[in-house]
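> need a structure here:
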Amino acid sequence: MSQEQVSPETKGVAVTLLATVDLGPEIEGMAGRQLRMRLVTIEPGGVFGPLHDHKDRPGIVYILQGTITDIRGGVATEYGPGVGWPEDRNTLHWLENRGAIPAVEISVDIVRQA
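Take a look at the predicted model:
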């Protein structure tokens, strides 16, 4: 069984919405979409799961503190402070904090408005 099939559920994660921009009036063809910025904190031992994709929801992550492990296709990649990873239509992953301190990231993505 691959790691993807046993991806854990979310635990130890706090998400704060920092800002949004309605893209409809800004960019032709973007009606119903918004640019969203969130602060995500993953406590030690925390998981941002389960396995999920980013089809129709591209973004990028910037890590402020700690280390975040990004698990894709059974491969775990650790990212520390600075630019982390892109989240595009090919992204299928979950995140973990395997470190001893809270991991904090800024997540910016384009989403459909609720």
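
> How about the contacts made by residue 94?
For residue 94, the contact set (C-beta atoms under 8 Å, 6 or more residues apart in numbering) comprises 7, 8, 47, 48, 49, 50, 51, 52, 71. Every C-beta, even on glycine, is put in place using the N, C-alpha and C of the backbone.

> among those, who's most crowded?
Neighbour counts for the contacts of residue 94, by other C-beta atoms under 10 Å, peak at residue 48, which reaches 24 neighbours.

> quick one, what contacts the closest residue to it other than its chain neighbours?
Of all residues not flanking residue 48 in the chain, residue 95 sits nearest, at 4.0 Å (C-beta to C-beta, 6 or more residues apart in numbering). Contacts were defined as C-beta under 8 Å, 6+ apart; by that measure residue 95 touches 42, 47, 48, 49, 68, 69, 70, 71.

> Surely the last one and residue 96 touch.
The reference is to residue 71. Yes: counting by C-beta atoms under 8 Å, residue 96 is a contact partner of residue 71 at 6.7 Å.

> nearest spatial neighbour of residue 18, skipping sequence neighbours?
Here the residue nearest residue 18, using C-beta to C-beta, 6+ apart, is residue 37, at 4.6 Å.

> Now do the buried residues in the one helix or strand residue 108 maps to.
In this assignment (DSSP states H and E), residue 108 forms part of strand 103-112. Buried residues in strand 103-112, counted by 16 or more other C-beta atoms under 10 Å: 103, 104, 105, 107, 108, 109, 110, 111.

> now swap in stretch 56-64 and tell me
Quick answer for stretch 56-64 (16+ other C-beta under 10 Å): 57, 59, 61, 62, 63.
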